[in-house]
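In: just the structure for this:
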Amino acid sequence: MTPQPAISPAPIPVVDVRDGGTLRHASERRAGARALRDECVAWFPFVARPLVPLLDAIARRWLTRSLSPYVGEVRAVAAALGFPGIWFLNGSYQWSCTSCAREEGAVPWLARTLDWPFPGLGRHVEIARMKGPAGEFFNATWPGYVGVLTAMAPGRFAAAINQAPLKRRSHLRGLRFYDIALNAVGTLWRVRDIPPDQLLRQVFDECRNYGEAKFMLERTAIARPVIYTLVGCALGECCVIERTENAATTREQDTGAANDWLNSTPEWEGRLGADKVFRASFEEAAQRSRDRRESLVGWPGDFAGNSFGWIVPPVLNKYTRLAAEMCPARGVLRVIGYELADDDELPTPATLPGEVTAERAARR
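Out: Residues are numbered from 1 along each chain as shown. Below you'll find the predicted structure:
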């Protein structure tokens, strides 16, 4: 694995791609897209790195047969960048996270972390100012990536994705990899529905308000189970939507989420970090997810006035790469990237905190 140097925080780029969208973003920020791809590939074992073109081909085959309206964008971005890894990036819905939606004063806020072992996701995060038929939104993203994981549409809503628990056929830790592989193969060969992150992009493009966004996220068939956290602009507009491919459970109370269903079941196992995937028990997986969710939900500060004070263990863990705070009623999105340096137990900020507001954007 490539050694990770000491981290020197840098500003988060804010790029205006209302005209040109993701293709313009990738074309203008090609160096960043290449750097991110190289850092992610360097994380793979040496013998696996030559397989990136094969992984790209598998992702391309699956995405082109899906019902996603963004396949053409992915194809154009991959052609513009001209190096392998873009299809794989856009097909790799494997993100673990912690999120919390709650009301502060008269408006809802959404806070979230994104956890993933790949280096570079924190260092290379950007805020893209985008526009769809329903209006503008700000997307915490990366050049070359077409979906949405964390975004805020001023005056409309904000939302984030958490990876759903793992479908299990037994509780034996030795068979966990079997279940991971079998679930992936089933998706690749049988499922033709839209990936969860590209559905969220469609919601930001097309939905005019919280109610429309909630309806689309609950009703649209998707390729993989997922957990959506959604907030609007008015009191009462907070929810967590736990999704399987064709069903939804929505709660408007207890609106915190990690990587397990709120009510755990024997058929589903909370997601684990890469270092625990072959060692942790079924019960430990559920507890780790529960601990992160309860820590964030129980944080006594306020998102409006104490930015990122909630990013402490266990919410902060060795795989944390991104944190965000969002309030669509006030048009606020704050983002900070994290990376894990060599010999450190926990990641530290790889970027300076970045903030965009609808008020500032309107003056540009």
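In: what about Ala111, how many neighbours?
Out: Neighbour count of Ala111, defined by other C-beta atoms under 10 Å: 26. From N, CA and C alone the C-beta is placed, and that goes for glycine too.
In: show me the beta-bridge partners of it.
Out: Beta bridges link Ala111 to Cys100, Glu325, judged by DSSP bridges.
In: quick one, what contacts it?
Out: Ala111 sits next to Ser99, Cys100, Leu296, Phe303, Trp310, Ala323, Ala324, Glu325, Met326 when contact means C-beta atoms under 8 Å, 6 or more residues apart in numbering.
In: give me the buried subset of those.
Out: Buried members of those, counted by 16 or more other C-beta atoms under 10 Å: Ser99, Cys100, Leu296, Phe303, Trp310, Ala323, Ala324, Glu325, Met326.
In: how about the third one: what's its closest non-neighbour residue?
Out: In space, Leu296 comes closest to Cys100 once its chain neighbours are excluded; the distance is 4.5 Å by C-beta to C-beta, 6 or more residues apart in numbering.
In: quick one: the buried ones among the contacts of Ala111 as JSON lines, columns for pLDDT and distance to Arg201 too.
Out: Formatted as JSON lines, these follow (pLDDT from 0 to 100; distance: C-beta to C-beta, whole Å):
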{"residue": "Ser99", "pLDDT": "96", "distance to Arg201": "18"}
{"residue": "Cys100", "pLDDT": "96", "distance to Arg201": "22"}
{"residue": "Leu296", "pLDDT": "97", "distance to Arg201": "25"}
{"residue": "Phe303", "pLDDT": "93", "distance to Arg201": "24"}
{"residue": "Trp310", "pLDDT": "96", "distance to Arg201": "27"}
{"residue": "Ala323", "pLDDT": "98", "distance to Arg201": "21"}
{"residue": "Ala324", "pLDDT": "98", "distance to Arg201": "16"}
{"residue": "Glu325", "pLDDT": "98", "distance to Arg201": "21"}
{"residue": "Met326", "pLDDT": "98", "distance to Arg201": "16"}
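In: closest to Thr255 out of the residues you listed?
Out: Cys100 (6.9 Å; C-beta to C-beta).
In: from what I see, the closest one and Gly298 are in contact.
Out: No: Cys100 is beyond contact range of Gly298, at 9.4 Å (criterion: C-beta atoms under 8 Å).
In: give me the common contacts of the two.
Out: The contact sets of Cys100 and Gly298 do not overlap (C-beta under 8 Å, 6+ apart).
In: model confidence for Glu269, exactly?
Out: According to the prediction, Glu269 has pLDDT 90.
In: please report how far it lies from Ala10.
Out: Relative to Ala10, Glu269 is positioned 37 Å away (C-beta to C-beta, to the nearest Å).
In: hey, where'd the helices end up in the chain?
Out: For the chain, the helices defined by DSSP state H cover 21-28, 30-43, 52-64, 71-81, 86-91, 176-190, 196-206, 210-219, 282-297, 358-362.
In: could I get those as a markdown table with distance to Arg129?
Out: Listed next are the helices of the chain as a markdown table, based on distance: least, C-beta to C-beta, whole Å:
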| stretch | distance to Arg129 |
| --- | --- |
| helix 21-28 | 10 |
| helix 30-43 | 16 |
| helix 52-64 | 25 |
| helix 71-81 | 17 |
| helix 86-91 | 20 |
| helix 176-190 | 32 |
| helix 196-206 | 12 |
| helix 210-219 | 19 |
| helix 282-297 | 27 |
| helix 358-362 | 7 |
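In: what's around Arg18, how many residues?
Out: Arg18: 13 surrounding residues under other C-beta under 10 Å.
In: next: Ala10.
Out: Neighbour tally, Ala10, other C-beta under 10 Å: 12.
In: wait, it sits on Pro349?
Out: No: contact between Ala10 and Pro349 fails when scored by C-beta under 8 Å: they sit 9.8 Å apart.
In: the residue positioned nearest the centre of the chain: what's it in contact with?
Out: With distances taken as C-alpha atoms, centre = their mean, the chain has Leu149 as the residue nearest its mean C-alpha position (3.5 Å). Leu149 makes contact with Trp95, Leu114, Ala140, Thr141, Ala160, Ile161, Asp197, Leu200, according to C-beta under 8 Å, 6+ apart.
In: of those residues, which is the nearest to Tyr319?
Out: Set against Tyr319, the nearest of these by C-beta to C-beta is Leu114 (9.0 Å).
In: what's the distance between that closest one and Phe83?
Out: With C-beta to C-beta as the criterion, Leu114 and Phe83 are 24 Å apart.
In: higher neighbour count, the two?
Out: Remark: of Leu114 and Phe83, Leu114 carries more neighbours, 27 against 15, as counted by other C-beta under 10 Å.
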